[in-house]
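Enquirer: need a structure here:
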Amino acid sequence: MQMRYFATRIVLLFAVLTAVLCLIVFSVRAQQLAFRHRAERLQYDLQRAEYRKTTLAQLLPVFHRWSASYNGPCRDNECSAQMTIGDFAYRHADFFSNHQRLFRAYGFLGGRPAIVRAAVAIKGGVVRAKSYAIYVEVFPKESEHGGNTPLGYSLIGETSLVESLPLGRSSPLRHPSYWIGWPSGCEICIAIEVHATPDAPPEDIQRLNKLDFSCLTRWFQPCRDKGDIMPEAWAQVQKEDLS
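Expert: Predicted structure coming up:
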């Protein structure tokens, strides 16, 4: 009789722990999917800001929606703003930095530490530059399989529309109106960038600026390299055999 009672308690305890674990996994995954949705919405809002057409008055609702921070005074004819959103881990970075075991558990349960940054510059009363970047953390256990560093790293995909291409920076793929490249001195990141001017063909801008937002929600097959975060841009580099 006592053995049966003890076994029943063990089964009930196991059921409770399983239910709690499932609830935690569901919560982690739900917030990750919600974050991805917000990241896609922010990109959509940025894409609607037309170069040399959209004004500050038209962008103010977007700035308010995303709690933009301003780089100095913001006037109708000149304004520079940045919008940043992060997943649960980034919003509680101080806590997780002091509790590394919980941070690793967060990743094990499907959490994907990530942050998104968008920026807009208005000059002469209209949009003259804009950028969008995703930073996704790759855990050490994942980076080892990718043949990179056992310390983990940030996987970064960045796009921008600017008046002129950056000078003094080398790029493996440079065209008159756009270039694709990555930083050479980053030891704890793998990044790919696409910078274009308004002279670039719209179809090229649309194609090369595609970001794979599944990198924010992948669990069993995480993103690890340039082709994962920006597949079209990386395919272009490989196509021209300049990688």
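Enquirer: What sits closest to the residue most central in space within the chain if chain neighbours are left out?
Expert: Central residue of the chain (C-alpha atoms, centre = their mean): Ile134, 2.2 Å from the mean position. Closest residue in space to Ile134, ignoring its immediate chain neighbours: Gly157 at 5.0 Å, by C-beta to C-beta, 6 or more residues apart in numbering. To be clear about C-beta, it is placed using only N, CA and C from the backbone, and glycine gets the same treatment.
Enquirer: neighbours of the one you found, just the number please.
Expert: Around Gly157 there are 28 other residues, counting by other C-beta atoms under 10 Å.
Enquirer: same question, Leu161
Expert: Leu161: 24 surrounding residues under other C-beta under 10 Å.
Enquirer: partner residues bridging it?
Expert: Lys130, Ala196 (DSSP bridges).
Enquirer: okay, it: pLDDT?
Expert: With respect to pLDDT, Leu161 has a value of 92.
Enquirer: quick one: it and Ala121 touch, right?
Expert: No: under the criterion of C-beta atoms under 8 Å, Leu161 makes no contact with Ala121, lying 10.2 Å away.
Enquirer: shared neighbours, the two?
Expert: Ala129, Lys130 (C-beta atoms under 8 Å, 6 or more residues apart in numbering).
Enquirer: end-to-end on stretch 87-101?
Expert: Stretch 87-101 has an end-to-end distance of 18 Å (C-alpha to C-alpha, to the nearest Å).
Enquirer: Tell me which residues are up against that stretch.
Expert: 28, 31-32, 35, 102-103, 106, 111-115, 137, 216.
Enquirer: Tell me the buried residues in that stretch?
Expert: Within stretch 87-101, the residues scored as buried using 16 or more other C-beta atoms under 10 Å are Asp87, Phe88, Ala89, Tyr90, Phe96.
Enquirer: swap in stretch 228-239?
Expert: In stretch 228-239, the ones that count as buried by 16+ other C-beta under 10 Å are Asp228, Ile229, Met230, Glu232, Ala233, Trp234, Gln236, Val237.
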